[in-house]
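**Student:** Need a 3D model of the following:
(chains A and B)
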Number of protein chains: 2
Amino acid sequence: MLFERVAFIGIGLIGSSLAHVMRRDKLAGHIAVSARTQKTLDTALKLGIADSVSLDAAEAVRDADLVMLCAPLGANAAIARAIGPSLKPGAIVSDVGSVKKSIIRDVAPHLADGVHLVPGHPVAGTEHSGPEAGFPELFDGRWCILTPAEGTDGAAVETVADLWRRAGMMIEMMDADHHDQVLAVTSHLPHLIAYTIVDTASDLEDHLKKEVVKFSAGGFRDFTRIAASDPVMWRDVFLSNKEAVLDILGRFTEDLTALQRAIRRNNGDHLYEAFTRTQEIRRGVIDAKQDDAPAPPEEKN
Amino acid sequence: MLFERVAFIGIGLIGSSLAHVMRRDKLAGHIAVSARTQKTLDTALKLGIADSVSLDAAEAVRDADLVMLCAPLGANAAIARAIGPSLKPGAIVSDVGSVKKSIIRDVAPHLADGVHLVPGHPVAGTEHSGPEAGFPELFDGRWCILTPAEGTDGAAVETVADLWRRAGMMIEMMDADHHDQVLAVTSHLPHLIAYTIVDTASDLEDHLKKEVVKFSAGGFRDFTRIAASDPVMWRDVFLSNKEAVLDILGRFTEDLTALQRAIRRNNGDHLYEAFTRTQEIRRGVIDAKQDDAPAPPEEKN
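**Tutor:** Modelled structure (predicted):
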């Protein structure tokens, strides 16, 4: 057992998947869950991933050794303010958010000395959201990035790393600022683009829109899957990582404009060279064994 | 048996998959294959999908009842000019290209009266290319769009439709111009965007690029798969469907700029609304049963 008492604040896809891991491997003596709605709490109870539930986050974190913040990023400042005074000395506060600078900014000021903040980001997910979407194999073979500030208690960091290792993840330590730049490229920009293209399609004339759905197998389908992700979570990601997202988006727009001009001017060589350059990256992804998405058990056959 | 003699001009992913279907269901008495290189012809022989091979397309089409054009779009005009005089009266010329107006423009002028042009587009594929990438199940449950000109021989159209039905496809008849508009949205723009984002990443500083590959599971990975598609084929698609691609790209850029401004101005409501609108389209894709990609047999479990 790693923890006598764990508290989850927010219990969506990632939180519930981690709770499933804790149940499977008996890592927590007691799991307390807090969420915004009673419906979510009832679901957590029904799924067997909560020993106690409360709409009051401060109540849920009382006596907890580990507090996992799993709500959308925009909720963290208010949550931290609410739970700060109830945290027990020596407690570890961690999270699963896709942006790390903002969590440090929003949460750290509300924590007493002796409470350890270990920000984390398990880089895993599916397009589904909510507690029912969770499954314990979600993290298998994926990376978890931890971004503790300099001077953070080493034992607290190692405990969080150990938790994610037991969930099947590989651990990478990184500066929060650098994390946010990398993820802006690998995750935030792709989601923004996918949302945009699906939004563009949803604005088409009705007869065209129907056919776009019907013939989506030509590539569009993959974007609709990415763009099915939770809107609140992603709204908060873009607002929380504004600077890095706008920077990479600027580079993307330049490159897109260059390809657009090449098409307009019938510059086939420019297109061919760009489309060939991209293959090196694809080979890298395959070599890094990051090319297969984890599937929920029932989809695995 | 549907055809005594079939000729494939070009034998990549789509051509070889169709040839496998013909072998599996014994639809062709003789399959003649022509390609640009001896290496490809040797591969076709080794795969057992060619009874005869030739570097000379005109020789391959002699006496063929069906000629399937499966080379990149940019090659069609020269191929049509070369094979035109060798086609037997009553022969059907069809194709598998992703743009339909250009094929009619490039091929029709070179066909004698009594030769039937039935342009077709099986909307199916994987990111792999070349004859070894083909497999007969590629077309299962997907749409094949046929775009014959008004006045085309009905029996010839029905024969091509029958062929694709036996490959497992559903048939849709469409005007070539309309096809090119629909596919610009569902396939051409997604590929252009995927190529662009991977190209943007490949232009990053080296240390950042390595980490982008390492943490690609956050969304980027899906784009690298799309951007791994054949560069020559896609160069030709964009040049052949320039007008429709530039039109939808213009709409996309407007929508992206609006989201960019919303991020810059912290307009969370705008982001939330856009990210919610997209879910309707996703539901449509799932309802239309277009949400699962076909996998080569060895990747299926």
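**Student:** Please enumerate the helices of the stretch 151-300 of chain A.
**Tutor:** A:154-166, A:176-183, A:189-202, A:206-214, A:220-226, A:231-240, A:242-264, A:268-287 (DSSP state H, counting those that start in this stretch).
**Student:** which strands and helices sit next to the shortest one?
**Tutor:** When contacts are defined as 3 or more CB pairs under 8 Å, 6 or more residues apart in numbering or on different chains; DSSP states H and E, helix A:220-226 sits against helix A:189-202, helix B:189-202, helix B:220-226, helix B:268-287. Glycine gets a C-beta too; all of them are placed from N, C-alpha and C.
**Student:** Now that we have these, can you turn them into a markdown table and tack on mean pLDDT and mean neighbour count?
**Tutor:** Converted to a markdown table, those look like this (pLDDT from 0 to 100; neighbours: other CB atoms under 10 Å in any protein chain shown):
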| stretch | mean pLDDT | mean neighbour count |
| --- | --- | --- |
| helix A:189-202 | 94 | 26 |
| helix B:189-202 | 94 | 26 |
| helix B:220-226 | 89 | 24 |
| helix B:268-287 | 89 | 18 |
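**Student:** Can you tell me which of the ones you listed is nearest to A:L47?
**Tutor:** Using CB to CB as the criterion, the shortest distance between A:L47 and the helices and strands packed on helix A:220-226 is 23.4 Å, found for helix B:268-287.
**Student:** Going by proximity to chain B, name the top residue of the stretch 51-200 of chain A.
**Tutor:** Using CB to the nearest CB, the point where the stretch 51-200 of chain A gets nearest to chain B is A:S187, with a distance of 3.0 Å.
**Student:** And the stretch 201-301 of chain A, by the same measure?
**Tutor:** Relative to chain B, the nearest point of the stretch 201-301 of chain A is A:G218 (3.0 Å; CB to the nearest CB).
**Student:** Neighbours of that residue, how many?
**Tutor:** When neighbours are counted by other CB atoms under 10 Å in any protein chain shown, A:G218 registers 24.
**Student:** how about the nearest residue to it, chain neighbours excluded?
**Tutor:** Among residues not flanking A:G218 along the chain, B:S187 sits closest, at 3.0 Å (CB to CB, 6 or more residues apart in numbering or on different chains).
**Student:** Hmm, A:R235 is touching B:L271, no?
**Tutor:** Yes: using CB atoms under 8 Å, A:R235 makes contact with B:L271 at a distance of 4.4 Å.
**Student:** still on that earlier bit, now the residue nearest to A:G218: how far from B:F238?
**Tutor:** Taking CB to CB, to the nearest Å as the criterion, B:S187 is separated from B:F238 by 11 Å.
**Student:** Give the residue spans of chain A that score low on pLDDT.
**Tutor:** Where chain A drops to pLDDT under 70, the residues are A:290-301.
**Student:** separation between the residue nearest to the spatial centre of it and B:I226?
**Tutor:** If you average the C-alpha coordinates of chain A and look for the closest C-alpha using CA atoms, centre = their mean, you land on A:S98, 4.5 Å from that point. For A:S98, the distance to B:I226 under the criterion CB to CB works out to 22 Å.
**Student:** about what we covered before: name all residues that make contact with the residue of the stretch 51-200 of chain A closest to chain B.
**Tutor:** Residues touching A:S187, when contacts are defined by CB atoms under 8 Å, 6 or more residues apart in numbering or on different chains, comprise A:98, A:123, B:215, B:218-220.
**Student:** touching chain B at all, stretch A:83-97?
**Tutor:** No: judged by CB under 8 Å from any CB of the partner chain, stretch A:83-97 makes no contact with chain B; its nearest approach is 12.5 Å.
**Student:** Can you give the distance of that stretch from its chain's centre?
**Tutor:** On the basis of CA atoms, centre = their mean, to the nearest Å, stretch A:83-97 is displaced by 19 Å from the centre of the chain it belongs to.
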